[in-house]
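Enquirer: Sharing a sequence plus its predicted fold:
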Amino acid sequence: MAFSGSFDIYLKSTGALVETLTTDENGMATSSYLPYGTYLVKEREKEGFILSDEKEITVSENDAILTYALRNEAQK
């Protein structure tokens with residue numbers, strides 16, 4: 001079952017927040033265009049769920065489509 005979650009994308013070299021994504025009813029989210037660089041994707045805290053580990057992604061190719069899966073687990 002999917003739920004709405006939020007994720008922040010930071011430029012690793014500066015720590016600057018680049019974008020915040022919110023998932024849709026299917027648990028999917030798509031960022032806008034990201035220039036070349038290395039980014040950190042961090043899940044925002046949501047009550048009742050364990051945060052996903054931070055994910056490092058690197059954009060190094062024009063028009064590349066990168067897909068990542070982050071799994072959410074309910075707290076017990």
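Expert: That came in fine, so what should we check first?
Enquirer: and the nearest residue to Pro35 once chain neighbours are set aside, how far is that from Asn26?
Expert: Among residues not flanking Pro35 along the chain, Val59 sits closest, at 6.9 Å (Cβ to Cβ, 6 or more residues apart in numbering). (Glycine included, C-beta is placed from N, CA and C.) For Val59, the distance to Asn26 (Cβ to Cβ, to the nearest Å) stands at 24 Å.
Enquirer: next one: Ile57
Expert: Here Ile57 is placed at a distance of 21 Å from Asn26 (Cβ to Cβ).
Enquirer: who has more neighbours, the two?
Expert: Legend: neighbour count by other Cβ atoms under 10 Å for Ile57 and Asn26, higher for Ile57 (15 against 7).
Enquirer: give me the number of residues near Lys55?
Expert: By other Cβ under 10 Å, 15 other residues sit near Lys55.
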